[in-house]
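Chemist: my questions are about this predicted structure, shown below with the sequence.
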Amino acid sequence: MDHLFLGSVAHCESRDYLETFENGFVAIEKGKIIGIGDRSALPPDYLNSLPVTTLSPSQFLLPGFVDCHIHAPQYPNIGLGLDLPLLKWLDTYTFPLESAYSNTDFAKQVYEAVVRRTINCGTTMASYFATNHKDSSLILAYEATKQGQRAFVGKVCSNNASPDYYIEKTADSLRDTETFINDVLNLNNPLVRPIITPRFALSCTSELLNGLSDLAAKYGLNIQSHISENCGEIEAVKDIFKKETYTEVYEDTKLMTSKCIMAHGVHLEDEELQLFKKYGTSVAHCPTSNIKLRSGLCDVRRLWNAGIKVGLGTDVSGGHNASMLVAIQDALNVSHCLNIFKKQHIFGSGRIQNPNDNSNKNYEPLEYKHALYLATLGGAHALSLDSVCGNFAVGKDFDALLVDISKAPLDLFDIPASVNEKSIASHGRVDKMVQKFLYAGDDRNIVKVFIAGKQVKNDHSI
Ligand SMILES: [Zn+2]
């Protein structure tokens, strides 16, 4: 696609800097960004050579969302079983459903809907867990290809401590994974890649984990798994593998690489943070499921301070919503709760406990621009895709959302000029539109979605 957008633009240039242009432009050639800036800097020949769209005053462009952790097969379970803790939830709801994907017709029905739903919610890149079944996992890669979504797709591997109706033999798991890798690579789709996906340490033997890291090295692939989500899980891992820390299990099996992303990391110990930093391994923060399954409050500031890359995930269906907007809102909620606990020492008794403890007095909760960073550039960085997507830097693919804050569930009013003059002094007009969308918008405000310059969602009501 060649195109020129004129109007408001916002994107994270870095973790702490949200760059906005009220009267800006983004120029695209062959699906890649060739220019961005203020309208005053627009090269005149772009106006003559590119088809032009002028955004309305209630619209702006935002980079597409990067969902670093989503279980596509669990989508039919959204909203179910969230009164249970992790390990019970897996046995009662998750494993029975995932085992049903031996049926490829069922897989097609669900995966078509998951890709459609996530695109409609603004997810331009998703790192998907599928199931143990290679054939239905390939259907997910087909659906992402068909609908134009950027994706990592992982055939899940588990050969241990799993229900007898949903478990693999080691040799079968490795053979099927290699077949799956080649099948996805043979799609010849630069947007869709296979990803090595051991479910988590508890459901894999060291032999399987070692075999999977060999495959990751052989094919140069990214890796995804889970770590330190829940205290019971951590104790079980240490006990079974006879290790001091959870991370050592993945370190010993060569899975801790700079192209590896581990979901959760809620309870990582200080020594483990050093290992993540040493290997360049990332964390997928999943605030929605961490709250819903009562796993804990992951402190993103602590991970950042240790030099660890962090992205954001919906973690469907431990997370109850496929929309990254909900993950953004929950990332802010978790950070605000941490701030309350750390600074105010209030735990529901109405009394301030430890009033003389000032150890966290400088703690800063995340702001909306940080949550947007996690959902865009931070996620792309965590998945080693930041040279391709995540913001509107020149040379990257145009993965973008056209957002309209005049659509439901938001309402626009003719605010008296005196109000705007006072409040815009602290926040510009585009910043305010971004805030409204992130805190109070939903998929109805995302009227168009573009991936690598191709339009994949169009709300014809605009
Ligand atoms: Zn997960």
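Modeler: Perfect, thanks for sending it.

Chemist: any regions of the protein where pLDDT drops low?
Modeler: For the chain, applying pLDDT under 70 flags the ranges 345-353, 355, 420, 422-426, 459-462.

Chemist: how does it look with 50?
Modeler: The model of the chain has pLDDT under 50 over residues 461-462.

Chemist: what does the stretch 301-450 of the chain put close to the ion?
Modeler: Residues of the stretch 301-450 of the chain lying close to the ion (C-beta under 5 Å from the ion) are Asp315. Where you see a C-beta, it was placed from the backbone N, CA and C, and this is true even at glycine.

Chemist: now do the strands in the stretch 301-450 of the chain.
Modeler: For the stretch 301-450 of the chain, the strands defined by DSSP state E, counting those that start in this stretch occupy 310-312, 400-404, 446-451.

Chemist: output those as JSON lines; include the columns mean neighbour count.
Modeler: Listed next are these as JSON lines, based on neighbours: other C-beta atoms under 10 Å:
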{"stretch": "strand 310-312", "mean neighbour count": "29"}
{"stretch": "strand 400-404", "mean neighbour count": "25"}
{"stretch": "strand 446-451", "mean neighbour count": "23"}
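
Chemist: can you redo those strands as TSV with distance to Ile33?
Modeler: Formatted as TSV, the strands of the stretch 301-450 of the chain follow (distance: least, C-beta to C-beta, whole Å):
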stretch	distance to Ile33
strand 310-312	21
strand 400-404	9
strand 446-451	11
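
Chemist: which one of the ones you listed lies nearest to His320?
Modeler: With respect to His320, and counting by C-beta to C-beta, the nearest of the strands of the stretch 301-450 of the chain is strand 310-312 at 15.3 Å.

Chemist: what strands line up against the closest one, and which way round?
Modeler: Paired with strand 310-312 in the same sheet, following DSSP bridges, are strand 282-285 (parallel).

Chemist: the residue of the stretch 101-250 of the chain found nearest the ion - nearest residue in space that isn't next to it in sequence?
Modeler: Residue nearest to the ion within the stretch 101-250 of the chain (C-beta to the ion): His226, separated by 5.4 Å. Excluding its sequence neighbours, the residue lying closest to His226 (C-beta to C-beta, 6 or more residues apart in numbering) is Phe200, at 3.9 Å.

Chemist: from Ser225, how far out is the one you found?
Modeler: As judged by C-beta to C-beta, to the nearest Å, Phe200 and Ser225 stand 6 Å apart.

Chemist: who's more crowded, these two?
Modeler: Ser225 (26 against 22; other C-beta atoms under 10 Å).

Chemist: is it fair to say the more buried one lies in a strand?
Modeler: Yes: under DSSP: H, G, I helix; E, B strand; the rest coil, Ser225 falls within a strand.

Chemist: so what's it up against?
Modeler: Thr197, Pro198, Arg199, Phe200, Ala201, Tyr250, Leu255, Cys260, Met262, Ala263 (C-beta atoms under 8 Å, 6 or more residues apart in numbering).

Chemist: hang on, the first one is in a helix, isn't it?
Modeler: No: the assignment for Thr197, made by three-state DSSP, is strand rather than a helix.

Chemist: next, give phi and psi for the closest residue to it other than its chain neighbours.
Modeler: Distances taken as C-beta to C-beta, 6+ apart put Gly154 closest to Thr197, at 2.9 Å, once the chain neighbours are dropped. Per-residue torsions, Gly154: phi -120, psi 130 (degrees, to the nearest 10).

Chemist: over to the one 4 residues further on?
Modeler: Note on Ser158: backbone dihedrals following degrees, to the nearest 10 are phi -150, psi 120.

Chemist: the spatially closest residue to it that is not a sequence neighbour and His370, how far apart?
Modeler: Closest residue in space to Ser158, ignoring its immediate chain neighbours: Ser203 at 3.8 Å, by C-beta to C-beta, 6+ apart. For Ser203, the distance to His370 equals 33 Å [C-beta to C-beta].

Chemist: and what of Phe65?
Modeler: Distance from Phe65 to His370, by C-beta to C-beta: 15 Å.

Chemist: which of the two has more neighbours?
Modeler: Set side by side, Phe65 and His370 show more neighbours around Phe65, with 29 against 24, by other C-beta under 10 Å.

Chemist: what sits against the more buried one?
Modeler: Listed by C-beta under 8 Å, 6+ apart, the contact set of Phe65 reads Cys121, Gly122, Thr123, Thr124, Met125, Met324, Leu325, Ala375, Thr376, Gly379, Leu401.

Chemist: what's the most distant pair in these?
Modeler: Maximum pairwise distance in the contacts of Phe65, criterion C-beta to C-beta, is 15.4 Å, between Met125 and Leu325.

Chemist: so for those two, which sits in the more crowded spot?
Modeler: Comparing Met125 with Leu325 by other C-beta under 10 Å, the one with more neighbours is Met125, at 28 against 23.

Chemist: ok now do the residue of the stretch 101-250 of the chain closest to the ion, which residues does it touch?
Modeler: Counting by C-beta under 8 Å, 6+ apart, the residues that His226 touches are Arg199, Phe200, Met262, Ala263, His264.

Chemist: so how far is Leu255 from it?
Modeler: 12 Å.

Chemist: what's the answer for Leu303, then?
Modeler: To Leu255, Leu303 is 18 Å away according to C-beta to C-beta.
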